[in-house]
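In: Dropping the sequence and predicted coords here.
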Amino acid sequence: MKKANSFIILFISLSALAQYEYDVSKDYPYGRPNPEAPKQITDYESMIGECNCKSSTKKQDGSWSEEVHMIWRWKYILNGMAVQDETLKVDNGHSGSIRQFIADSSKWYVHWFSSKTPSTKFFVWKGNKKDDKIVLYKEQKAPDGIDGFYRLTFYDMSETGYKWIGEWTDKTESVVFPTWKINCKREKT
């Protein structure tokens, strides 16, 4: 009877592990894309892992601030059905996102949160991969009240790293004002 119970416990344990085979594990520290997820789950594939990055924001005088070192870490979550990222900055301005592709709208929805600005509501960006860039938008007025978007773009994505830029744009995207940029180099995969 003891042998049968041990077998049942082992079977249940193995079944539970197989159920979450795409989650973060010893063999896959950043998880894996679930083949049952929308194919867009691999849009962030070249970013999965960890990069050393330099972040800079635009100052009031139009010049760029001194670069801040940060680690940007990415992984598949929810058993490979979504993507999570987190930034760890030396200035303690940590942040993160949960990224889910919703097939009904054919868009990524990115829910952002930050240690410096805790909130009961997450900011949400929406967008897609276009050619070799991932472009996301959130409606945002300019300081002078003009309607527009805050646009986030990932580009130059490869196995060695990627770049990111945050820009305010008008509704037609003919006026573009960059406010934040990040350059990342791959350290771990």
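Out: Looks like it came in fine. Numbering: from 1, shown residues only.

In: The residue nearest to residue 125 when sequence neighbours are not counted bridge partners, please.
Out: Sequence neighbours aside, residue 136 is the residue nearest to residue 125 in space, at 3.8 Å (criterion: CB to CB, 6 or more residues apart in numbering). From N, CA and C alone the C-beta is placed, and that goes for glycine too. When bridges are called by DSSP bridges, residue 136 pairs up with residue 127, residue 152.

In: what about residue 136, neighbour count?
Out: Neighbour count for residue 136, taken as other CB atoms under 10 Å: 24.

In: Tell me the predicted confidence for residue 189.
Out: Note for residue 189: predicted pLDDT of 51.

In: ok, now which ones touch the residue nearest to residue 125?
Out: Residue 136 makes contact with 108, 110, 125-127, 151-153 under the criterion CB atoms under 8 Å, 6 or more residues apart in numbering.

In: Recalculate using a threshold of 10 Å.
Out: Residues in contact with residue 136 (CB atoms under 10 Å, 6 or more residues apart in numbering) are 97, 99, 107-110, 112, 124-129, 149-154, 166.

In: Buried only: go through those residues for me.
Out: Listed as buried from the contacts of residue 136 are 97, 99, 107-110, 112, 125-129, 149-154, 166; burial here means 16 or more other CB atoms under 10 Å.

In: so which strand or helix has residue 54?
Out: Using DSSP states H and E, residue 54 sits in strand 49-57.

In: Just checking: what are the partner strands of the next helix or strand after that strand?
Out: Toward the C-terminal end, the helix or strand that comes next after strand 49-57 (DSSP H and E) is strand 68-77. In the sheet, strand 68-77 lines up against strand 49-57 (antiparallel), strand 82-89 (antiparallel) (DSSP bridges).

In: Turn these into TSV, including distance to residue 24.
Out: Shown next, in TSV, are the strands paired with strand 68-77 (distance: least, CB to CB, whole Å):
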stretch	distance to residue 24
strand 49-57	12
strand 82-89	10
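
In: Including distance to residue 103, mean pLDDT and mean neighbour count, could those strands go into a markdown table?
Out: Listed next are the strands paired with strand 68-77 as a markdown table, based on distance: least, CB to CB, whole Å; pLDDT from 0 to 100; neighbours: other CB atoms under 10 Å:
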| stretch | distance to residue 103 | mean pLDDT | mean neighbour count |
| --- | --- | --- | --- |
| strand 49-57 | 26 | 95 | 18 |
| strand 82-89 | 13 | 95 | 20 |
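
In: Looking at the ones you listed, spot the one closest to residue 37.
Out: Smallest distance to residue 37 across those (CB to CB): 7.9 Å, for strand 82-89.

In: what comes up buried for the following helix or strand past the closest one?
Out: Going down the chain from strand 82-89, the next helix or strand is strand 95-102, by DSSP H and E. Buried positions in strand 95-102, judged by neighbour count with 16+ other CB under 10 Å: 95-101.
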